[in-house]
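*Asks:* please work out how this folds:
(chains A and B)
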Amino acid sequence: MLAYTVKRLVSLCLSLLVASVVIFVVVEVAPGDPASFMLGINAQPDTVAALRTELGLDQSKIQRYFSWVGGMLTGDFGTSYTYRTPVSQMIADRLWVSLPLALYALTLSTLIAFPAGIFAAARRGGPGDLSVMGATQLGVAVPNFWFAMMLVLIFAINLRWFSAGGFPGWDSGFWAGMKALTLPAIALALPQAAILTRVMRSSLLDILGEDFMRTARAKGLSARQALWRHGLRNALIPVLTIIGLQFAFLLAGAIIIEQVFFLPGLGRLIFQAITQRDLIVVESVVMLLVFAVILVNFLVDLAYAAVDPRLRSRT
Amino acid sequence: MSRNLIIGGLLSAVFVTAAVLSFVWTPDSVEAINIANRLKPPNPDSLLGTDHFGRDILSMLMVGARTSIAVALVAVGIGMGIGVPLGLAAAARNGALLDETIMRANDLIFAFPSLVIAILITAVFGPSATNAIIAIGIFNIPVFARITRGAALSLWTREFIMAAQVAGKTRARISVEHILPNVANLLIVQGTIQFSLGILAEAGLSYVGLGAQPPIPSWGRMLADAQTMVSLAPHVALIPGLTIIAMVLGLNLLGDGLRDALDPRLKVVRT
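*Replies:* Numbers count the residues shown, from 1 in each chain, chains lettered A, B, ... in the order given. So this is what the prediction gives:
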């Protein structure tokens, strides 16, 4: 297990390294100089030069890459060009919206998918199964930002149960914050729930065909008892993998939903930073999201290997 | 033929026909602005109503279908054109450095949150349909590479491939002449799935303003425009949304139907 962990850790670091180079290069080739953009078209050349020095833009690209990566390793993400505040502080503030939103959506998606998947698998081929599978077909076809607009139309504009957007901040109370995140979380959870339901169902169906399930039935358990006592636990392994991956993608996928609901999360931050050519913020937020995805992948792999020793010898 | 195949095929055919038809005929001009006629619900003159500029929504959807289909189709083309040769090469050199390099590079692209990178690419190089295609296409490459490699690996152990090797054919020639035709079905099915994901991705990117630019109509931007009007005239949001759902649903059903028709044992990656 140790050798496997070390191997995965090396691969994790390598992925992060390559990712940081790719992100840096993509952002660096972006047309437009941040310093002249910030000062406007009428700025004096020496003012622009002074600002370039202040922002560190006059250093060579390689120097800037290393100071960016080195800074991130010590928790210093640099200073925003536009707001002159530490990027780490800006990211931390926004994470307090994006992280709870992703967790909320993940919880909802799991709460929908587990019963739906178990229900469908237990009634394989019957009308119940067909309806659930039909619903998941629809679920994966719905663009979540459009679903979000429909939720606003129904629950905010017509029924007035929720506000149509914005975030009051956690200072105004936990429930007020959760209420503001409810519609976005539902919109975000829908396609994920559809995918998770399918995974849950097919994973359970695979397990139901196993010998130990027949043994469980043979020793006198009813189909339902066998499913709950032996089937579910074994079917959970692939499902947990998908849940892990979904969390990382929910964090990143929230970008568009945050736009629909005007939520001050990482998504809004990245869009603002892009329009203001605040490259250091763009780089750091993207790197953070990639880091989250790679880290979750790594943890899922380790958890998998801990549960199933056969996987340690592979790859 | 299965029901999936028929329904999916019909739905997809309707959209492709509408898109092609829009080159020669639309019920109304998509550029003519008629403010007096704005936000009209569906009526005999404009079957699906009009938008906030008084433009006919049916005509906009028909022209928008062109954008969606073109973007998704070319993105699938990029994914197949690059991913399939990579997958074939990796399988032909299973376990060698080439295989390792290709598969690790694939894992890396898979690890990136695709939406974030698509946004980064389109933001940095400027929003346009072309950049949306590239952004979506890049993430199709590992999907096709992985599925091709997986299927090709199992073929390499079969007798007819050994026979070809004994006959003195090179690995490259075997890959093209014997492996590729045998993985084609799988690629068609996966291509349909990626096509539908491409339609959704294009809609998302153009919704946030990073896809096709005005005046080219696109489904995503129709929804973005509709957002502020949704309380006044729900149809401007409802109709383009349902159109996207119908198209994606049609393609998914077509993919499932094709899979069942071509080979019931095929396993399709759906992420």
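*Asks:* which neighbouring elements make contact with the host helix or strand of A:Leu51?
*Replies:* Using DSSP states H and E, A:Leu51 maps to helix A:45-55. Secondary-structure packing of helix A:45-55 (3 or more C-beta pairs under 8 Å, 6 or more residues apart in numbering or on different chains; DSSP states H and E): helix A:34-39. Heads up, the C-betas are built off the backbone N, CA and C, glycines and all.
*Asks:* buried set for the helix it packs on?
*Replies:* Residues of helix A:34-39 classed as buried: A:Pro34, A:Ala35, A:Ser36, A:Phe37, A:Met38 (neighbour count, 16 or more other C-beta atoms under 10 Å in any protein chain shown).
*Asks:* adding distance to chain B, write those out as a markdown table.
*Replies:* Below are those laid out as a markdown table (distance: C-beta to the nearest C-beta, whole Å):
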| residue | distance to chain B |
| --- | --- |
| A:Pro34 | 13 |
| A:Ala35 | 17 |
| A:Ser36 | 17 |
| A:Phe37 | 14 |
| A:Met38 | 17 |
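*Asks:* nearest to A:Leu196, out of the residues you listed: which one, please.
*Replies:* Of all these, A:Leu196 sits closest to A:Pro34, with 41.3 Å by C-beta to C-beta.
*Asks:* for chain B, which spans come out with low pLDDT?
*Replies:* Judged by pLDDT under 70, chain B has its weakly predicted residues at B:1, B:123, B:263-271.
*Asks:* where is the longest helix in it?
*Replies:* In chain B, taking DSSP state H as the definition, the longest helix is helix B:57-92.
*Asks:* roughly how far out does that one sit from the chain middle?
*Replies:* Chain-centre distance of helix B:57-92: 5 Å, with C-alpha atoms, centre = their mean, to the nearest Å.
*Asks:* is chain A contacted by it?
*Replies:* No: Helix B:57-92 is not in contact with chain A by C-beta under 8 Å from any C-beta of the partner chain; minimum separation 11.4 Å.
*Asks:* which bits of the stretch 51-200 of chain B sit near chain A?
*Replies:* Residues of the stretch 51-200 of chain B lying near chain A (C-beta under 8 Å from any C-beta): B:104, B:107-108, B:111-113, B:115-117, B:119-121, B:123-125, B:196, B:200.
*Asks:* so which residues of chain A form helices?
*Replies:* Here chain A has its helices, by DSSP H, at A:2-28, A:34-39, A:45-55, A:61-73, A:87-122, A:127-141, A:144-151, A:174-208, A:211-218, A:223-226, A:232-261, A:266-275, A:279-307, A:310-313.
*Asks:* could the ones you listed be laid out in TSV, adding mean pLDDT?
*Replies:* Conversion of these to TSV gives the following (pLDDT from 0 to 100):
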stretch	mean pLDDT
helix A:2-28	84
helix A:34-39	70
helix A:45-55	78
helix A:61-73	84
helix A:87-122	90
helix A:127-141	90
helix A:144-151	91
helix A:174-208	89
helix A:211-218	85
helix A:223-226	81
helix A:232-261	79
helix A:266-275	83
helix A:279-307	81
helix A:310-313	63
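*Asks:* among the residues of the stretch 51-200 of chain B next to chain A, which lie within strands?
*Replies:* The members of these all map outside strands under DSSP state E.
*Asks:* buried among those? Need that as a selection in ChimeraX.
*Replies:* The ChimeraX selection below is limited to those of these classed as buried (16+ other C-beta under 10 Å):
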select /B:107,108,111,112,113,115,116,117,119,120,121,123,124,125,196,200
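*Asks:* just checking, B:Val63 touches B:Pro27?
*Replies:* No: under the criterion of C-beta atoms under 8 Å, B:Val63 makes no contact with B:Pro27, lying 11.1 Å away.
*Asks:* for the two, indicate the residue with more neighbours.
*Replies:* For B:Val63 and B:Pro27, the more surrounded residue by other C-beta atoms under 10 Å in any protein chain shown is B:Val63, and the numbers stand at 20 against 15.
*Asks:* tell me who's in contact with the nearest residue to A:Ala252 once chain neighbours are set aside.
*Replies:* Distances taken as C-beta to C-beta, 6 or more residues apart in numbering or on different chains place B:Pro113 nearest to A:Ala252, at 3.4 Å, with adjacent residues excluded. The contact partners of B:Pro113, taken as C-beta atoms under 8 Å, 6 or more residues apart in numbering or on different chains, are A:Ala248, A:Phe249, A:Leu251, A:Ala252, A:Gly253, A:Leu289, A:Val290, A:Val293.
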